[in-house]
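Colleague: This is a predicted model, with the sequence first.
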Amino acid sequence: MALQRPKGTQDHLPEGSPKLSLDVRASAFAQVQDTARRVLERSGAEFIATPLFEEAELVRRGVGGSTDIVRKEMFTVYYFGDHGGYVLRPEGTASIVRAYLQNGLRQLPSPLKLWTHGPMFRAENVQKGRLRQFHQVDYEVLGSTDPLVDAEAIWLMWEVVRELGLTGVRVKLGSIGDPSDREAYNAYLREVFTPHAGRLSDDSRDRLDRNPMRILDSKSAGDQALTLELGVRPMLDFLGEEARAHFGAVQGYLSDWRVPFDLDPSIVRGLDYYRRTAWELHHTQVGAKSALGGGGRYDGLSAQLGGPEVPAVGWAFGIERLLLALEAEGVALPAPEGPLLFLAAMDEERVGLAARLALGARSAARVEFAYRALKPGSAFKEADRRRARYAAVIGSEEAARGVLNVKTLATGEQRAVAAADLSTFLSEQA
Ligand code: AMP
């Protein structure tokens, strides 16, 4: 058997490929990116691109040494020498904050909205919607604590799914307060869970020490049942005055803009640098535990990376998850258009002429040509297969007169277009 791609990766394929599902259709993938670009750039977000690999230390500090991502899922790249290793980036936020600090982007107007998209890498157990190379759209706003910035970030995420035509999406919203609120909550959780530690999953027993809040977003049914049984109070009960006002303002804006959201006590974040607003977007048909995307405020991250205090908020979507949701809802993303014109020569001597005319007209539109001579019947069939709108066949008569018979494939209608006017004709149709 020929060599296969690595487990947990996907090929994104052209139109017409056999067994083409939406989640691996390259054009659908591009449409999600284009939609995100349109929505985000309209809001004033600037595109940024960072390397696909970073210092391992950045990922350790930026994602958190206690997370599954760092403990179990890092793709580490070693090379000769005593360098501590690079990591294929598992997410975009740490890289963007690093780039912001390293390149002096604090001098740009604030708050600064940045966005990117690209592949991310996590050595996960592979399942549907859980890949080892997946792709995210990422939006980050640096330089403001204003709840209006959080609300706008959520609105933008909502706007992307709305423009894509998805309907079964819910925003699950929470706040994890300020560090002192969280300390109080963690102390409370230890008190509640410690007497029942024997009933927790191994992972959650581990968390009881390091990170009790993470018990609340455990995927174990036993942990979830115990949380219910013990009547564990939500983080929101522990918010201090300022965090409560901030959260109230975020909800106020969202209600005003008619973004539907549910308060969800299972939205927690284990790391110290997260503050206040946290949310996830879920889809009714993609599965309760597989979010389309998530976001939150991370005011402490910049300092964690060795920089000054820079308040910030951001989110990421998984493009593959969005495609699965579109597929589940039966949203048909239109296939991209084929060439506007397909040109073919009827005899070998004139293949070069067809090519020259096609090349000359490409400043006006997408124009393709046949690489060998074709009879008119085969030429029109070939043009159809390529989803062309117009086709023309060049024989000795057309060559001598310098006039093409341009056929509209959908209707069969023909019109004469002078070869010299081909670009103008195509510009008018495009
Ligand atoms: P996270 O950076 O973990 O908050 O993930 C943000 C989003 O990226 C998730 O909501 C998913 O849509 C997507 N995502 C995360 N991990 C994977 C994965 N292994 N495979 C596919 N999508 C993922």
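Modeller: It's in. Numbers count the residues shown, from 1 in each chain.
Colleague: buried ones in the lowest-mean-pLDDT helix or strand in the chain?
Modeller: Ranked by mean pLDDT, DSSP states H and E, the weakest helix or strand in the chain is helix 68-72, scoring a mean of 80. Neighbour-count burial for helix 68-72, counted by 16 or more other C-beta atoms under 10 Å, picks out 69, 70. C-beta: built from backbone N, CA, C; applies to glycine.
Colleague: which residues are in contact with that helix?
Modeller: Helix 68-72 is contacted from outside by 59, 60, 63, 64, 65, 90, 91, 122, 123, using C-beta atoms under 8 Å, 6 or more residues apart in numbering.
Colleague: Identify the residues contacting the residue in the chain that the ligand sits nearest to.
Modeller: Taking C-beta to the nearest ligand atom as the measure, the chain has residue 318 as its residue closest to the ligand, at 2.3 Å. Shown in contact with residue 318 (C-beta under 8 Å, 6+ apart): 129, 134, 135, 136, 291, 292, 293.
Colleague: at 6 Å instead, please
Modeller: Residue 318 sits next to 134, 136 when contact means C-beta atoms under 6 Å, 6 or more residues apart in numbering.
Colleague: For it, give the beta-bridge partners.
Modeller: residue 136 (DSSP bridges).
Colleague: re earlier: of the contacts of helix 68-72, which is the most crowded?
Modeller: Most neighbours among the contacts of helix 68-72, by other C-beta atoms under 10 Å: residue 59, with 25 neighbours.
Colleague: Which element, helix or strand, includes residue 294?
Modeller: Here residue 294, judged by DSSP states H and E, is contained in strand 293-297.
Colleague: Kindly apply the preceding question to residue 400 instead.
Modeller: Assigned by DSSP H and E, residue 400 falls in helix 396-401.
Colleague: where along the stretch 151-300 of the chain do the strands fall?
Modeller: 169-175, 261-263, 275-283, 293-297 (DSSP state E, counting those that start in this stretch).
Colleague: Repeat that for the stretch 301-430 of the chain.
Modeller: Using DSSP E, counting those that start in this stretch, strands in the stretch 301-430 of the chain cover 312-318, 341-345, 367-369, 390-394, 403-408, 414-418.
Colleague: Just put these in JSON lines and tack on distance to residue 357 and mean pLDDT.
Modeller: Listed next are the strands of the stretch 301-430 of the chain as JSON lines, based on distance: least, C-beta to C-beta, whole Å; pLDDT from 0 to 100:
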{"stretch": "strand 312-318", "distance to residue 357": "43", "mean pLDDT": "97"}
{"stretch": "strand 341-345", "distance to residue 357": "6", "mean pLDDT": "97"}
{"stretch": "strand 367-369", "distance to residue 357": "8", "mean pLDDT": "97"}
{"stretch": "strand 390-394", "distance to residue 357": "8", "mean pLDDT": "97"}
{"stretch": "strand 403-408", "distance to residue 357": "8", "mean pLDDT": "95"}
{"stretch": "strand 414-418", "distance to residue 357": "11", "mean pLDDT": "94"}
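Colleague: Out of those, which one sits most buried?
Modeller: Among those, strand 341-345 has the highest mean neighbour count (mean count of other C-beta atoms under 10 Å), at a mean of 27.
Colleague: How much space separates the residue of the chain closest to the ligand from residue 388?
Modeller: 35 Å (C-beta to C-beta, to the nearest Å).
Colleague: for the stretch 51-200 of the chain, what are the low-confidence residue spans?
Modeller: Applying pLDDT under 70 to the stretch 51-200 of the chain picks out residues 80-82.
Colleague: That one against the ligand: which residues are in contact?
Modeller: By C-beta under 6 Å from any ligand atom, the residues of the stretch 51-200 of the chain that approach the ligand are 91, 122, 124, 129, 130, 131, 134, 136.
Colleague: Now do the contacts for residue 77.
Modeller: Per C-beta under 6 Å, 6+ apart, neighbours of residue 77: residue 86.
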